[in-house]
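Chemist: dropping the sequence and predicted coords here.
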Amino acid sequence: MTARGKNNHSDWVLGGFMLLLCAGLTVLQYRWTGEIANAELIRLRGNLDEQARALARSFDTELSDGCDQLLPHREDFGKPFQEADLAARFQAWQAGNPRHIFSRIAFVAPADNDLQFSLLDPAAGKFVPTNWPADWAALRRNLSDKLKSGGSPAFHDERGLMMEIPIFSGGQPGGGPPRTGDFHWLILELDAAYAREVWLPELVAKYLNPDGRPVNEARVRPLGDSATVLYSSQTNAPAAGAPEVTLRFNAPGRTENNSRGPFLGGPFGQFQGGRWLLEAWHRPGVLESVVAASRHRNLAVAGALNALILATGIALVRHTRRSRHFAETQMNFVANVSHELRTPLTVIRGAAHNLKRGIVHEPGQIGQYSGLILQHTEQLSSMVEQLLELAGGKKNRAALALQPVALNQILADAIAAAKDDTQAAACTVEPTIPATLPAVSGDAAALRRVFQNLLTNAAKHAGSGGWIGVTAAAVQAADGLAVEVRVADRGPGIPEGEQAEIFKPFVRGALAEEKQIRGSGLGLSVVLEIVKLHHGSVSVTSKPGHGAVFSVRLPASLGPPK
């Protein structure tokens with residue numbers, strides 16, 4: 001296997017390894033994202049209980065804070081407590097509380113073995129004596145029984161909206177245990193409409209669906225009344241029948257370290273377990289869809305990363321191949337140039353040695369040796385000029401003196417300059433050049449080098465055909481009138497895979513290397529550079545075994561040739 005074949009094989013091995021690596025990473029990432037998705041599903045399901053408890057705590061905290069701010073402070077214990085005190089506390093609480101969680105607030109005081117009922121007017125900020133509401137009849141009976149008998153069971157509101165809060169109003173003048181008549185009552189009724197339409201929906205959105213996705217559903221019912229639904233985030237019941245989380249809340253009393261301890265310890269004890277049931281569950285299929293979307297998103301990101309890794313690997317392999325090819329080309333160039341320099345230098349040195357030592361002394365031999373020295377010196381000069389032209393064309397594009405020139409004469413000079421090469425290859429040059437050919441804008445010496453290189457190249461590589469044709473004609477191009485020159489041969493042709501490469505510096509065809517045809521691989525690259533400087537184009541058409549045609553198209557000049 002050749003060195004190039006070994007390099008190509010190693011490139012394919014490296015590319016295959018990177019492809020397998022990316023495929024393996026994709027499979028692993030698919031499994032990892034699946035495990036992550038399952039873990040996320042378990043986490044979302046496990047979080048529901050914690051989220052529901054956070055919702056209940058938030059509701060109870062806000063409710064308890066509202067109740068606390070309406071009740072007297074510890075230092076007010078034993079002092080007479082009137083309606084005006086409650087009204088003032090309500091106004092202070094309402095000024096700093098964004099929620100109006102109570103629909104009705106009432107103050108009940110014993111008077112002549114009866115109950116005096118006053119309802120808070122929020123607009124006026126005071127309690128107004130009025131008749132008992134019809135829907136509070138059960139509460140009135142409960143309080144009346146307490147007033148008459150000295151005690152009765154705490155009032156139980158089946159809806160869980162009303163709170164009966166006894167307030168100690170002063171006690172006996174000489175001290176002693178409080179009597180029933182020493183208590184007044186504060187009645188608080190939660191606003192069911194506000195809780196259903198504003199308060200509970202906000203808490204559900206904040207705690208059960210914090211990401212803005214409707215993942216969880218909730219329902220609130222009074223404790224012991226399963227038929228009544230105070231709030232529901234959807235119209236349907238849980239798909240599985242029973243909710244996944246059920247807990248009690250709506251417990252306004254807080255007994256630990258409470259600033260209202262003497263007032264709240266007993267009365268709020270009845271609410272510690274909560275009066276409402278919070279039921280929460282996952283929406284059917286939503287968790288799975290959220291997790292699936294997350295998995296697909298992770299897979300897409302992983303796939304994009306793998307594609308980027310693969311693309312980077314492919315680019316690295318291609319860059320490596322190009323660098324290796326360029327290095328090989330440079331090494332071949334050095335070898336070819338060394339060979340091209342060694343051959344004429346050897347001939348020149350041998351001829352000069354013979355002349356110096358007097359080995360050659362007859363006039364005819366001296367002339368022959370002088371001719372050899374001159375021929376090979378011109379060969380060396382030609383190679384140096386090609387290198388300089390290539391470097392100059394790349395570095396100094398303003399060096400050419402463009403002016404109208406007669407292409408007929410340039411082609412004739414090029415054919416004459418390449419005569420030694422064409423005759424050495426036993427090729428017949430057949431020019432077909434019209435006398436009325438338009439002038440072109442260019443540098444005569446540079447253009448002569450273009451066509452001389454093409455003729456020399458045809459003689460070296462296609463000399464076996466024995467014929468080289470040179471034709472020129474005016475053509476109409478897209479940007480105006482142009483002149484097209486074709487140099488054709490009947491040689492072995494150029495393989496299609498090499499046609500795009502032969503204009504690159506240092507590149508030589510496989511056939512030239514196989515037959516060891518002398519050359520440096522610079523001739524066609526010099527042609528391309530010079531033609532581009534003349535705003536023209538050069539191309540090749542060839543079929544193996546049917547010769548090659550090099551076409552040079554140059555824009556015509558409007559002025560007469562000089």
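Modeler: Cool, the structure landed.

Chemist: isn't Ile309 right up against Cys22?
Modeler: Yes: judged on Cβ atoms under 8 Å, Ile309 makes contact with Cys22 at a distance of 5.8 Å. For every residue, glycine as well, the C-beta is placed using N, CA and C.

Chemist: more crowded one of those two?
Modeler: It is Cys22, of Ile309 and Cys22, that has more neighbours when counted by other Cβ atoms under 10 Å, with 19 against 14.

Chemist: which residues touch that one?
Modeler: Residues in contact with Cys22 (Cβ atoms under 8 Å, 6 or more residues apart in numbering) are Asn306, Ala307, Ile309, Leu310, Gly313.

Chemist: can you give me the pLDDT of the fourth one?
Modeler: Reading off the confidence values, Leu310 has pLDDT 72.

Chemist: okay, and the beta partners of the closest residue to Val128 other than its chain neighbours?
Modeler: Of all residues not flanking Val128 in the chain, Asp121 sits nearest, at 5.1 Å (Cβ to Cβ, 6 or more residues apart in numbering). Assessed by DSSP bridges, Asp121 has beta-bridge partners Lys126.

Chemist: same check on Leu188?
Modeler: Counting by DSSP bridges, Leu188 is bridged to Ile105, Met163.

Chemist: count the residues that sit near it.
Modeler: 21.

Chemist: any idea how far it lies from Glu50?
Modeler: Between Leu188 and Glu50 the computed distance is 30 Å (Cβ to Cβ, to the nearest Å).

Chemist: about what we covered before: filter the contacts of Cys22 down to just the buried residues.
Modeler: The neighbour-count criterion (16 or more other Cβ atoms under 10 Å) marks Asn306, Leu310, Gly313 among the contacts of Cys22 as buried.

Chemist: quick one: the last one is in a helix?
Modeler: Yes: under DSSP: H, G, I helix; E, B strand; the rest coil, Gly313 falls within a helix.

Chemist: so how far is Leu25 from it?
Modeler: For Gly313, the distance to Leu25 (Cβ to Cβ) stands at 12 Å.

Chemist: report how many residues lie close to the residue nearest to Val128.
Modeler: 13.

Chemist: likewise for Val450?
Modeler: Count around Val450 with other Cβ under 10 Å applied: 28.

Chemist: which strand or helix spans it?
Modeler: Secondary-structure assignment from DSSP states H and E places Val450 in helix 444-462.

Chemist: got it, and Gly493?
Modeler: Going by DSSP H and E, Gly493 is not in any helix or strand.

Chemist: so what's it up against?
Modeler: Gly493 sits next to Ser542, Lys543, Pro544, Gly545, His546, Gly547, Ala548 when contact means Cβ under 8 Å, 6+ apart.

Chemist: what ranges do the helices span in this structure?
Modeler: Under the criterion DSSP state H, the chain carries helices at the ranges 3-70, 83-96, 137-149, 192-194, 200-203, 261-264, 286-357, 363-395, 407-417, 419-424, 444-462, 510-514, 523-533.

Chemist: give the contact list for the closest residue to Ser58 other than its chain neighbours.
Modeler: Excluding the flanking residues, the one nearest Ser58 by Cβ to Cβ, 6+ apart is Leu203, at 5.9 Å. Counting by Cβ under 8 Å, 6+ apart, Leu203 touches Leu55, Ser58, Phe59.

Chemist: tell me which of the residues you listed is nearest to Leu278?
Modeler: Taking Cβ to Cβ as the measure, Leu278 lies nearest Leu55 of the contacts of Leu203, at 6.8 Å.

Chemist: right, and that closest one touches Pro210 too?
Modeler: No: using Cβ under 8 Å, Leu55 makes no contact with Pro210, being 10.8 Å away.

Chemist: more neighbours, the two?
Modeler: Under the neighbour definition other Cβ under 10 Å, Leu55 and Pro210 were set side by side, and Leu55 has more, 22 against 13.

Chemist: contact partners for the more buried one?
Modeler: So Leu55 contacts Leu203, Val204, Lys206, Tyr207, Leu208, Ala218, Phe249, Leu278 (Cβ under 8 Å, 6+ apart).

Chemist: check Tyr207 too.
Modeler: The neighbourhood of Tyr207, defined by Cβ under 8 Å, 6+ apart, consists of Gln51, Ala52, Ala54, Leu55, Ser58.

Chemist: what about it, distance to Pro284?
Modeler: From Tyr207 across to Pro284, the span is 20 Å (Cβ to Cβ).

Chemist: what count of nearby residues applies to Pro129?
Modeler: With neighbours defined by other Cβ under 10 Å, the count for Pro129 comes to 10.

Chemist: about what we covered before: by neighbour count, which of the contacts of Gly493 wins?
Modeler: Neighbour max across the contacts of Gly493 (other Cβ under 10 Å) = Ala548, 24 neighbours.

Chemist: ok, that residue touching Pro495?
Modeler: No: taking contacts as Cβ under 8 Å, Ala548 lies outside contact range of Pro495: 10.5 Å.

Chemist: I'd like the distance between Ile187 and Asn97.
Modeler: Using Cβ to Cβ, Ile187 is found at 19 Å from Asn97.
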